[in-house]
Each structure stands twice: as structure tokens, then as C-alpha cells.
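**Q** only the shape, not the letters, is given here:
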């Protein structure tokens, strides 16, 4: 039995969480962060158990870099912007832009 350390990116989506392994482009979901993580481990385990060695090699990306970027953008209009800002858990990363008169 082999062990492989892989990346798990977990983000909130609606009422649950989505977990993604970018090295293999395999994802799962759950109602909590821990459930999404557990389900991703299960999905990855099943993949390694059933995939041929050539499939694993074809899908595996050995260099994955996770970072943050900052983007400046101007919305086309304010419709829905207030709702989006209220729902965005990391809204402090964004600068609110008001349209010029």
C-alpha cells in the first residue's frame, strides 16, 4: 500500500463545501469542511484503486502552485452588487468601486 500527499482546496458552495484535488482534477463535496475532505480522500482512494497506471500518469500534475492574486475590476452596473458583497465571505479582499458620475 502506498501513500501520496496531495493538495486539497476546499471552498464553500451554497450550503455545503466542495473539495478539489488539483493534481488529479478530482473533486467531491460535503455538508461540512471535514465531510468534503473525507469524501475527497475516498474519491481519490477509489481513483487510485481503479485507474490504470497510465491513467494515473496521464492525469497527474506534479507541479501545482496555490497562491492568491488581486484583481481590480469595475462592475458593469450595481445590480446585485450589494447582495454579492454581503454574501462574499472574503469581501475584505475587494475594494468597492462606485461608478463615476
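**A** That came through fine. Not measured: the values here are computed from a predicted model. Numbering: from 1, shown residues only.
**Q** tell me where this protein has helices.
**A** Using DSSP state H, the helices of the chain run over residues 33-50, 53-59, 81-87.
**Q** dump those to TSV, plus mean pLDDT.
**A** Putting those into TSV (pLDDT from 0 to 100) gives the following:
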stretch	mean pLDDT
helix 33-50	97
helix 53-59	95
helix 81-87	60
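**Q** residue 24 is nearest to which of the ones you listed?
**A** helix 53-59 (5.1 Å; CB to CB). Just so you know, the C-beta spots here come from the backbone N, C-alpha and C atoms, and that holds for glycine as well.
**Q** what's that closest one in contact with?
**A** The contact list for helix 53-59 (CB atoms under 8 Å, 6 or more residues apart in numbering) reads 24, 25, 47, 48, 51.
**Q** if I look at the closest residue to the third one other than its chain neighbours, how far off is residue 11?
**A** What it means is residue 47. Of all residues not flanking residue 47 in the chain, residue 26 sits nearest, at 5.8 Å (CB to CB, 6 or more residues apart in numbering). Residue 26 sits at a distance of 15 Å from residue 11 (criterion: CB to CB, to the nearest Å).
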